[in-house]
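**Student:** Provided below for reference: sequence and predicted model.
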Amino acid sequence: KAGVTQTPRYLIKTRGQQVTLSCSPISGHRSVSWYQQTPGQGLQFLFEYFSETQRNKGNFPGRFSGRQFSNSRSEMNVSTLELGDSALYLCASSFRLAGVNEQFFGPGTRLTVL
Amino acid sequence: DAKTTQPPSMDCAEGRAANLPCNHSTISGNEYVYWYRQIHSQGPQYIIHGLKNNETNEMASLIITEDRKSSTLILPHATLRDTAVYYCIVRVSGNTGKLIFGQGTTLQVKP
């Protein structure tokens, strides 16, 4: 079955702009999590959505937001982009059942802020 | 979630077993040990997880010490394609997708 897909794969924006990234989870998966990866900070958890509700949130400013739709697809938005937002943004999906919680990651969206 | 400590880098000869250690001395009784790996510029890939018993799947084996304060991921016959950053993560299973990644171990498999 198809894996986690993320669009776009690459994106270039300028400071002050906003950006929306999209994630389609594996069919049947109801949980989507987002991560930011930078060379300096490594992989950091942004937030998790399950059944259209945010269940967990990492330590990121309010400029970072997300949502999940009824078909489990998720989007994340970053407003007022800063140079430091340049990163690989990864999403992961899972069934989110007790005891079964492997995370399946997408290929990521590479965001460059100029 | 408990913190983990891994060596920053390791080398392994192709065809030999790669043994990647992880210390998690503050692990709680209901926390599992998970291993993921990330091949350059790709998303992390789940490898294996366990609670207290040793586990094996088609990718690797996971050996957890009896006191659960450390574990070892074993790739039995490493190939060049196993070159990646390996992350050991300790967390309560089931009710959250949140993973806390450390710096991981960069495994370089050499011909």
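**Tutor:** Arrived safely, thanks for sending. All figures in this text were calculated on a predicted structure; none of them were measured in a lab.

**Student:** the strands in chain B, which residues?
**Tutor:** B:9-13, B:18-23, B:31-38, B:45-50, B:55-56, B:61-64, B:70-75, B:84-92, B:105-110 (DSSP state E).

**Student:** in a markdown table: these, plus mean neighbour count.
**Tutor:** Where you see a C-beta, it was placed from the backbone N, CA and C, and this is true even at glycine. Listed next are the strands of chain B as a markdown table, based on neighbours: other C-beta atoms under 10 Å in any protein chain shown:
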| stretch | mean neighbour count |
| --- | --- |
| strand B:9-13 | 14 |
| strand B:18-23 | 20 |
| strand B:31-38 | 22 |
| strand B:45-50 | 18 |
| strand B:55-56 | 15 |
| strand B:61-64 | 19 |
| strand B:70-75 | 20 |
| strand B:84-92 | 22 |
| strand B:105-110 | 17 |
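
**Student:** for chain B, what lies in contact range of chain A?
**Tutor:** Listed as neighbours of chain A in chain B under the rule C-beta under 8 Å from any C-beta of the partner chain: B:36, B:38, B:41-46, B:49, B:87, B:93-104.

**Student:** now list the buried members of the residues you listed.
**Tutor:** B:36, B:38, B:43-46, B:49, B:87, B:93, B:96-102, B:104 (16 or more other C-beta atoms under 10 Å in any protein chain shown).

**Student:** spatially central residue in the chain, please.
**Tutor:** In the absence of a named chain, this looks at chain A. A:W34 (3.1 Å; C-alpha atoms, centre = their mean).

**Student:** my bad, the chain I had in mind was chain B
**Tutor:** B:W35 (3.5 Å).

**Student:** how much space between it and A:G66?
**Tutor:** Distance of B:W35 to A:G66, computed by C-beta to C-beta, to the nearest Å: 27 Å.

**Student:** try A:L21
**Tutor:** Distance from A:L21 to A:G66, by C-beta to C-beta: 9 Å.

**Student:** name the residues contacting each of these two.
**Tutor:** A:75-77 (C-beta atoms under 8 Å, 6 or more residues apart in numbering or on different chains).

**Student:** turn the residues you listed into a markdown table, including pLDDT and distance to A:S51.
**Tutor:** Converted to a markdown table, the shared contacts of A:L21 and A:G66 look like this (pLDDT from 0 to 100; distance: C-beta to C-beta, whole Å):
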| residue | pLDDT | distance to A:S51 |
| --- | --- | --- |
| A:E75 | 98 | 16 |
| A:M76 | 98 | 17 |
| A:N77 | 98 | 20 |
